[in-house]
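Asks: Give me the fold of what follows.
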Amino acid sequence: MAGGERWASFDCYGTLIDWNGGIGRELERLFGAARAGELLHAYHELEPQIQREDPSRSYREVLAIALARLGAPASEQDALGQSLPGWDAFAEVPQALEEARARGWRLAVLSNTDRDLLEASLARIGVEFELSIVASEISSYKPSRGHWNEFFAQSGADRERHVHVGASLFHDIAPAAALGLRTIWINRLGEEAEPQPDLELHSLTGLAETLDSLVP
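Replies: Predicted coordinates:
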């Protein structure tokens with residue numbers, strides 16, 4: 001692929017798909033509304049630990065192990081994997097991505113997930129992506145650099161004409177910044193940024209203009 005093209009790569013869950021909403025609904029169903037918030041916080045801590053323990057695990061396995069450690073019964077430990085294909089995209093996402101494509105941006109997804117789960121989510125979004133990298137095919141979970149290494153190997157993208165977009169400082173913004181890449185932080189939760197992204201949005205509204213401002 002030509003090096004002169006502009007590429008925007010995205011995290012999926014939390015950035016394009018409502019990850020907290022999807023997991024939170026299942027936790028509420030399994031454990032009750034009173035405990036759902038506390039357990040969602042615990043889940044945020046557990047998931048990267050499980051991924052570090054064995055990066056060759058599929059994401060469906062990671063989800064199941066996390067639910068088991070939170071105390072879900074054996075019969076419900078695949079609940080997150082079963083529900084994930086139905087998790088909704090954030091409302092502004094399809095239009096924002098289409099606007100970026102209309103301005104000539106090529107789109108990629110770098111996701112800590114499995115191929116079948118990601119394909120179901122991208123179908124819900126309904127926008128074409130030129131490239132997608134999933135953890136279960138490279139035995140690497142972000143924030144490790146495997147996704148970016150694979151992205152550049154497959155795309156031939158010029159790093160000076162590439163922007164990475166993500167909602168997670170830990171999984172996306174920090175490792176991308178450490179690689180010297182331009183970053184846009186989708187700060188849906190009103191958090192404080194460390195490290196500082198190049199630019200910050202509170203949703204994908206205005207994405208195309210923001211991408212253009214980084215790589216004219």
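Asks: residues in contact with the residue lying closest to residue 88 once chain neighbours are set aside?
Replies: In space, and not counting its chain neighbours, residue 88 is closest to residue 18: 5.3 Å by Cβ to Cβ, 6 or more residues apart in numbering. For the C-beta atoms, the positions are set from N, CA and C on the backbone; glycine is no exception. By Cβ atoms under 8 Å, 6 or more residues apart in numbering, the contact set of residue 18 is 87, 88, 89, 90.
Asks: One more: residue 14?
Replies: Residue 14 neighbours (Cβ under 8 Å, 6+ apart): 20, 166, 167, 168, 188.
Asks: Now the second one. Its backbone dihedrals?
Replies: Think residue 166. Per-residue torsions, residue 166: phi -160, psi 160 (degrees, to the nearest 10).
Asks: SS state for the residue nearest to it when sequence neighbours are not counted?
Replies: Counting by Cβ to Cβ, 6+ apart, residue 166 lies nearest to residue 172, which is 2.8 Å off, once chain neighbours are set aside. Secondary structure state of residue 172, per DSSP: H, G, I helix; E, B strand; the rest coil, is helix.
Asks: Show the model's pLDDT score for residue 172.
Replies: pLDDT recorded at residue 172 is 97.
Asks: and if you look at residue 195?
Replies: We have a pLDDT of 78 for residue 195.
Asks: Out of the contacts of residue 18, the closest to residue 101 would be?
Replies: Distance to residue 101, by Cβ to Cβ, is smallest for residue 89 among the contacts of residue 18, at 15.5 Å.
Asks: So this protein: which segments form each domain?
Replies: 7-17+88-214, 19-85 (automatic domain parsing).
Asks: Good, wrapping up.
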